[in-house]
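Student: Next come a sequence and a model predicted from it.
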2 protein chains.
Amino acid sequence: MKPTLQTVADAVGVSRSTVSNAYSRPDQLSPALRERIHEAARRLGYPGPDPTARSLRRGRVGAIGVLFTSALSYAFTDPYAVQFLRGIAETAERHGNGLLLIPLSRSEEQTGIEAVRNASVDGFCVYCVPAWHPALDVTRSRGLPTVAAERPAEVGPETMYVGIDEVAAARTVGSHLARLGHRRVAVVSDFLVAQRRTGPVTVTDPAEIRYDVTRERLRGFAEGLAEGGVGWSDLLLCNAGANSRGEGERAAAYALDRVDRPTAVLAITDLLALGVLDALAARGLRPGRDVSVTGFDDIPEATAVGLTTIRQPAVEKGAIAGRLLLDPPEDPAARQVLLPTDLVVRTSTGPVERK
Amino acid sequence: MKPTLQTVADAVGVSRSTVSNAYSRPDQLSPALRERIHEAARRLGYPGPDPTARSLRRGRVGAIGVLFTSALSYAFTDPYAVQFLRGIAETAERHGNGLLLIPLSRSEEQTGIEAVRNASVDGFCVYCVPAWHPALDVTRSRGLPTVAAERPAEVGPETMYVGIDEVAAARTVGSHLARLGHRRVAVVSDFLVAQRRTGPVTVTDPAEIRYDVTRERLRGFAEGLAEGGVGWSDLLLCNAGANSRGEGERAAAYALDRVDRPTAVLAITDLLALGVLDALAARGLRPGRDVSVTGFDDIPEATAVGLTTIRQPAVEKGAIAGRLLLDPPEDPAARQVLLPTDLVVRTSTGPVERK
DNA sequence: TGGGCGTACTGTATCGATCCAGAAGACCTA
DNA sequence: TAGGTCTTCTGGATCGATACAGTACGCCCA
């Protein structure tokens, strides 16, 4: 039988409450008694108050849940995600909280829903989960504070988020390429369509895209490219089955192997962009000369390969998300944070070659 | 007031137990009543059984805790750690469990100890935590199943671990270099001494090294190098303040800037080895020709930079650790796993240049 | 008619702590 | 010495669920 508070109390000859106080409010009892209690606890092998029971009574757990789409096992492959996690982890750490990672299936399946319902946490951070995902109904119904890692399409006064102006950031990318003279342009992105397949897709209107971030970034790309007279329907859209380097390469292949090969490929994340660069390399094409490539996020590797991209403060984003959950500002307006972004021009983009 | 089981029970006019069954054992009541209960729950905004209360009663939580040394915020910077995490995450996911990440301070400070005591988990995975760390006393006292991500120095019949034969693996590295003719050799490693400083240190005997993995790998290095007549005291030991690329570079500087520059630098992890390569590059030295460099782990980047290293199955290691916790084999012997390793020779090592 | 049996539901004890009102005693003050 | 205050400790209520023994009732069959 594992020892409990009661066991220790009986051994010392005091009440349960006193033992509890010895752990949780040491100033409430005399040093002598406190020491006797701790001594008895050591002797009996009592490990201290049971966390679960304590959480039940106190009404708080000391952990925050982080929701991911895609198998948890893939979450760690995107350096951007890792940086975000670092940020939120730092904050959690400072507050003595743990981070409970909760995997979600990417589609409408129920995988992970149960985990959300069962998670012992004080709040949720929703990272890269589409607004229509059923898990979000569960988080809402649990009534715990929730912060989104991007600006949701619908923002109420209670909504907490830390994001960037996706449209504006993406617009600078489109505009940059338009000015370089690019008119035949492909986009590599995941979540363009509901299905998970990799390949070219048709999307009549960006409004059809169901994942907020994807939709907004594509809108921004299109707005920027419009400066060069490129319309939405001129874009060659290639869906990637996942946000991974490999899928980026596969998706890019559909664009690069066309007779009217695009002069620029815009990837919606750096990870996909790395895949696009792989696809170029495999075909002996030079980034920034034969084909311009852009990414989004500015992960560390982007520097190494000279990728033109949008820099967003990933670690800071995570840190702020953590702070919103663990130490929410009084002012409701301060619970909705938009961070600045920069276009970082490197060697992967260049002017269209004269024929 | 948040609705509880009782609230719903009263609304429907049944007992608390019946509502509980409606959620946890739906086959125990008639479909009609079950539907009425769920309908009432929806109407009242009851999110389902409270996870904390359920855990208390059931005696299990549905989450495993992962202990890290170093700020949690740094844990994600080592690709090897990330791969290990992926493995354990996959297993946790399959079992419907969450992963609770618990940051520990690297030294004897109490940071994180409280988090270990408070963690609501069913078991612990101890990743890269020295045997003397006070947090391990806490995990032991909590009496939960615990698996180590490396073979501990002291192994009892109850101990669970998944590791590699560190000495043997490191010996192949030492031996490889000995055969290439290296006699002036430096080692870059963290945890060589208790202090966190970066720079050359003196360790009279490997037994003095307090962190198991470091000690064993260094023993292995020495044993292998002994084939070339290099003794322990001939090794130039450079301590790194942390397991990071930057610290690797700083530590390597102390070796590379000597008049009697070593012909080989052995790093204890790939991450440190990348830093060593940075240090070479900064000095215009060619890896594998001017100075040979080795790592340990075989992270993805090792391939890209041609680093000679020890490959160990990181993802699998994590997966097995998860399985040991969530689905422990009957046979106690099967709870102690040693995985195979390989020496992967790439371009960062080569024969000593003739003078 | 009544024993046997299965289904559907109830009631109470229990998990292991924390909270809080209050009691007992020591000590101080007028 | 009565009354007040402070410190220290107690006991019962409580958090929100689950386990399990037990009851009520309908049904079948001899």
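Tutor: All right, it came through fine. Residues are numbered from 1 along each chain as shown, chains lettered A, B, ... in the order given.
Student: For the strand or helix carrying residue A:186, which helices and strands make contact with it?
Tutor: Secondary structure here is read from DSSP states H and E; on that basis residue A:186 sits in strand A:185-190. With contacts defined as 3 or more Cβ pairs under 8 Å, 6 or more residues apart in numbering or on different chains; DSSP states H and E, the packing partners of strand A:185-190 are helix A:212-226, strand A:236-240, helix A:245-256, strand A:264-267, helix A:270-282. (Glycine included, C-beta is placed from N, CA and C.)
Student: right, so of these, which gets closest to residue A:85?
Tutor: helix A:270-282 (14.8 Å; Cβ to Cβ).
Student: what's that closest one in contact with?
Tutor: Contacts made with helix A:270-282 from outside it, assessed by Cβ atoms under 8 Å, 6 or more residues apart in numbering or on different chains, are listed as A:77-80, A:188-190, A:240, A:243-253, A:256, A:265, A:267, A:286-287, A:290-291, A:293-299, A:301-302, A:305, A:307, A:309, A:348.
Student: about what we covered before: got the angle for the strand holding residue A:186 vs strand A:236-240?
Tutor: For strand A:185-190 and strand A:236-240, the angle between their directions (axes from the mean of the first three to the mean of the last three Cα atoms, to 10 degrees) works out to 20 degrees.
Student: Quick check: next helix or strand after the helix or strand of chain A with the lowest mean pLDDT?
Tutor: The least trusted helix or strand in chain A, going by mean pLDDT, DSSP states H and E, turns out to be helix A:72-75, with a mean of 59. From helix A:72-75 onward toward the C-terminus, using DSSP H and E, the following helix or strand is helix A:79-94.
Student: So what touches that following helix?
Tutor: Counting by Cβ under 8 Å, 6+ apart, A:64, A:66, A:68, A:75-76, A:98-99, A:125, A:127-128, A:149, A:269-271, A:297, A:299-301, A:314-323, A:326, B:71-77, B:82, B:101, B:103, B:112 sit against helix A:79-94.
Student: Once you drop chain neighbours, what's closest to the residue nearest the centre of chain A?
Tutor: For chain A, the residue whose C-alpha lies nearest the mean C-alpha position (Cα atoms, centre = their mean) is residue A:127; its distance is 3.5 Å. Closest residue to residue A:127 apart from its sequence neighbours, by Cβ to Cβ, 6 or more residues apart in numbering or on different chains: residue A:149 at 4.4 Å.
Student: again, but for residue A:194
Tutor: Residue A:194's closest residue in space is residue A:210 (Cβ to Cβ, 6+ apart), at 6.6 Å.
Student: which residues touch stretch A:246-264?
Tutor: A:177, A:180-186, A:188, A:190, A:198-200, A:236, A:238-241, A:265, A:267, A:271-276, A:278-280, A:282-283, A:285, A:291-294, A:349, A:352-353.
Student: tell me which parts of chain A are close to DNA strand D?
Tutor: Residues of chain A lying near DNA strand D by Cβ under 7 Å from any atom of the strand: A:13-18, A:21, A:28-30, A:33, A:53, A:56-57, A:59.
Student: ok, which of these also contact DNA strand C?
Tutor: Applying Cβ under 7 Å from any atom of the strand to the residues of chain A next to DNA strand D, those adjacent to DNA strand C are A:16-17, A:53, A:56-57.
Student: And the residues you listed, which of them are buried?
Tutor: Burial by neighbour count, 16 or more other Cβ atoms under 10 Å in any protein chain shown: within those this picks out A:53, A:56.
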